[in-house]
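Asks: What would the 3D arrangement of this be:
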Amino acid sequence: MTGSSFKYLTKEGFRNVWTNRMMSLASIAVLMSCLVLIGSAAMMFVNIDSLLSKIEEENVVMVYVEDETTDAELADMESQINALGNISKVEFVSKVDAWAEQLDTMEEAQAEFFTQISSDIPLPDAYKVTVENLDSFDKTVEDLKGLDHIDTIRENKDLAQKLVAIRHGISIIAIVIVAVLFVISLFIISNTIRLTVYSRRLEISIMKSVGATNSFVRFPFVIEGIILGVLSGAVGLGFVWGLYELAVTQFNGLLRELNLTAIPFTEYALPMLGVFVLIGVVCGVGGSLVTMRKYLNKEGSEISGV
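Replies: Numbers count the residues shown, from 1 in each chain. All right, here's what the predicted structure looks like:
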């Protein structure tokens, strides 16, 4: 294809969008609606994932140390814990600090009673270990149990398993929703372009009769699909942004009560715009190619019979 042909066919694609503007608006509206649903679902899942991450950070493993352990052995134990892998944070909790915190939670008379009956602290030193990947939670706990100078280990295996199951479930739901909406978008765009092709079947038949190649006939429709996809992606992002900010404003009081913070949309605006445009272009171009294939496979098809 020469440069002049490319320029001409590109102009034809833009002209088609304007000439068939009602069809174009319908295509943009439908595809945009699908993208808004995809974007809204994505932001919901992102916030749920953030909430799960915060809960995971609280699902720590308490490693209690034997009383006879020396300071040097404690320091060496911290290094061994960090070296195990799958550890995001290790915090030493001395028995003095833990006992003082425990006394603060008691009534004054009760706390005074415990301090008077004995000067010994009935708690061991401990390490508060935060596991990075809960999928390997059991293995990490087993590795911790294999260290020297360990007295006992307290962990919440059930909570870890539930969090892993919830995260996997959310991931599957997100993939299914995006896939279904993508297929719906492709189907609708394909049918919309099919109507456009049908309305111009005589023009296409004449082009084929004078020797136009399939690529020459198809190219303006591909350009049209790209334009519709880009416009749908940009407008869809604006709608998702507005809806998200509206939802955050409406639930701001509830979020504060739960000590939660919504993720700023600006962190995902550019990546989402790229994904939206990509989906829009794939749907637009894919719909064009799928539809045109029906009419360009054979000479003397239903177009040439008009």
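
Asks: Name the residues that touch stretch 243-256?
Replies: With contacts defined as C-beta atoms under 8 Å, 6 or more residues apart in numbering, stretch 243-256 is touched by 36, 40, 43, 261-262, 265. The C-beta positions use only the backbone N, C-alpha and C, and glycine is treated the same way.

Asks: looking at the protein, which helix or strand is least sure?
Replies: Lowest on mean pLDDT, DSSP states H and E among the helices and strands of the chain sits helix 108-117, with a mean of 64.

Asks: residues in contact with residue 54?
Replies: Taking C-beta under 8 Å, 6+ apart, one finds residue 260 in contact with residue 54.

Asks: does it sit in a helix, a strand or a coil?
Replies: Assigned by DSSP: H, G, I helix; E, B strand; the rest coil, the conformation of residue 54 is helix.

Asks: same check, this time on residue 238
Replies: helix.

Asks: how far away is it from residue 24?
Replies: According to C-beta to C-beta, to the nearest Å, residue 238 stands 18 Å off from residue 24.

Asks: Could you check which of those two is surrounded by more residues?
Replies: residue 24 (19 against 13; other C-beta atoms under 10 Å).

Asks: tell me which element the more buried one is part of?
Replies: helix 21-58 (DSSP states H and E).

Asks: Downstream of that helix, the next helix or strand is which one?
Replies: By DSSP H and E, the next helix or strand past helix 21-58 is strand 60-65.

Asks: tell me the mean pLDDT over the very next helix or strand once past that following strand?
Replies: Per DSSP H and E, strand 60-65 leads on to helix 71-83 as the next helix or strand towards the C-terminus. If you average the pLDDT over helix 71-83, you get 84.

Asks: Over to stretch 151-164?
Replies: 76.

Asks: Give the buried residues for that stretch.
Replies: If you call a residue buried by 16 or more other C-beta atoms under 10 Å, then stretch 151-164 has these buried ones: 153, 155, 160, 163-164.

Asks: Check stretch 264-271 too.
Replies: So for stretch 264-271, counting by 16+ other C-beta under 10 Å, buried means 265, 268.

Asks: What does residue 264 show for phi and psi?
Replies: Residue 264 adopts backbone torsions of phi -60, psi 130, taken as degrees, to the nearest 10.

Asks: How far off centre is the helix holding residue 24?
Replies: 9 Å (C-alpha atoms, centre = their mean, to the nearest Å).

Asks: Next, format the contacts of stretch 243-256 as JSON lines and append distance to residue 179 and pLDDT.
Replies: Formatted as JSON lines, the contacts of stretch 243-256 follow (distance: C-beta to C-beta, whole Å; pLDDT from 0 to 100):
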{"residue": "36", "distance to residue 179": "17", "pLDDT": "87"}
{"residue": "40", "distance to residue 179": "16", "pLDDT": "85"}
{"residue": "43", "distance to residue 179": "18", "pLDDT": "86"}
{"residue": "261", "distance to residue 179": "30", "pLDDT": "80"}
{"residue": "262", "distance to residue 179": "26", "pLDDT": "83"}
{"residue": "265", "distance to residue 179": "24", "pLDDT": "89"}
